[in-house]
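**Q** pasting a predicted model and its sequence here:
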2 protein chains.
Amino acid sequence: MSVQLEGRLANPDRMARPDFCPIERTFKVVGTRSAMLLLREAAYGTTRFDDFVRRAGLTETVASSRLRELVDAGLLTKEPYREPGQRTRYEYVLTPAGADLMPTLVALAAWGAEHLPHQPSPSYAHAGCGAPVAARIECAAGHAVTMDQLVASA
Amino acid sequence: MSVQLEGRLANPDRMARPDFCPIERTFKVVGTRSAMLLLREAAYGTTRFDDFVRRAGLTETVASSRLRELVDAGLLTKEPYREPGQRTRYEYVLTPAGADLMPTLVALAAWGAEHLPHQPSPSYAHAGCGAPVAARIECAAGHAVTMDQLVASA
């Protein structure tokens, strides 16, 4: 069972061009454990540097350079805030492009929850009805799509 | 707009325990560009070592150790084959656990196609009806779930 390949992709040397594959392009931007953990925290509502460091379990150096990269890549915005008597600090908020990574984060979480079980582990549900959620491949017409029903072409 | 957190997850130090987060657990197994590119190729039907090396654009050393890790983690199986007059070689095939990563790969691809456009780039469609596919978050009752309708609890 595999994906159906058409056009240029049917050529056995299909992937020789740099940046041809969108999975590879995405991984260049968010393909590190630290980037994914920071995006998880941003999705969980974390906005402040110290909280990112502690909750993502990163060093300040790594968190700082990774947050800067995510801002530069347009996934987070950096906004100034100031508490009374304190210097100006910045908070980090998901952009629409960053929020669009949610299906990826849920897909990674669902896979880990099923195939690498651990107790305790978070579970994910739909607030509207309480049913558990998962990432699914679906077409624009609303059909669930299995791997062998997927056509990749270029 | 962020995910709703309940139980242990509502604690600001929620992520201090190692291996608590299933995103992090998944990333430990498949969180490298090379692992994702090898899984992409396996999903595209590639089975032979030389083809993995060329199509994923990896060195033999990297491909070899990464394929071994993916076999050890239960994502690929390694099966012997032999062509006339040749020594025994091995081919690598996705296991059901490996095939379960498809929504993750499609989610990464869909994000890159939308937010990091490049020409040419593959597009992905449903073989049954031709409509474009994407990864979506859905609950078991069939509702589409947005980020702010997602409840994470532990």
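**A** Ah, there it is.
**Q** would you state the strands of chain A in chain order?
**A** Ranges of strands within chain A are A:4-6, A:76-81, A:89-94, A:123-126, A:133-139, A:150-153, based on DSSP state E.
**Q** these two touch, right, A:Pro80 and A:Tyr90?
**A** Yes - using Cβ atoms under 8 Å, A:Pro80 is in contact with A:Tyr90, at 5.7 Å. The way it works is simple: take the backbone N, C-alpha and C, and place the C-beta from them, glycine included.
**Q** neighbour count for those two, which is higher?
**A** A:Tyr90 (14 against 8; other Cβ atoms under 10 Å in any protein chain shown).
**Q** hang on, the earlier thing: TSV for the strands of chain A, including mean pLDDT and distance to B:Ala141?
**A** Output for the strands of chain A, formatted as TSV (pLDDT from 0 to 100; distance: least, Cβ to Cβ, whole Å):
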stretch	mean pLDDT	distance to B:Ala141
strand A:4-6	89	30
strand A:76-81	94	32
strand A:89-94	94	26
strand A:123-126	93	7
strand A:133-139	91	10
strand A:150-153	92	24
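**Q** show me how chain A divides into domains.
**A** Domain assignment of chain A by automatic domain parsing yields the ranges A:1-27+A:101-154, A:32-98.
**Q** nearest to B:Gly57 among the ones you listed would be which one?
**A** Minimum separation from B:Gly57 across the domains of chain A (Cβ to Cβ) falls at domain A:1-27+A:101-154, 6.3 Å.
**Q** for that closest one, how far is the first residue from the last?
**A** 20 Å (Cα to Cα, to the nearest Å).
**Q** how distant is that domain from the center of its chain?
**A** 12 Å (Cα atoms, centre = their mean, to the nearest Å).
**Q** my guess is A:Ala144 contacts A:Leu150. True?
**A** No - contact between A:Ala144 and A:Leu150 fails when scored by Cβ under 8 Å: they sit 11.2 Å apart.
**Q** with neighbour numbers in mind, choose between the two.
**A** A:Leu150 (22 against 14).
**Q** picking up where we left off before, mind putting the domains of chain A into TSV with distance to B:Thr32?
**A** Formatted as TSV, these follow (distance: least, Cβ to Cβ, whole Å):
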stretch	distance to B:Thr32
domain A:1-27+A:101-154	9
domain A:32-98	9
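**Q** any idea which of the ones you listed is most buried?
**A** Ranked by mean neighbour count, the domains of chain A are led by domain A:1-27+A:101-154 with a mean of 19 (mean count of other Cβ atoms under 10 Å in any protein chain shown).
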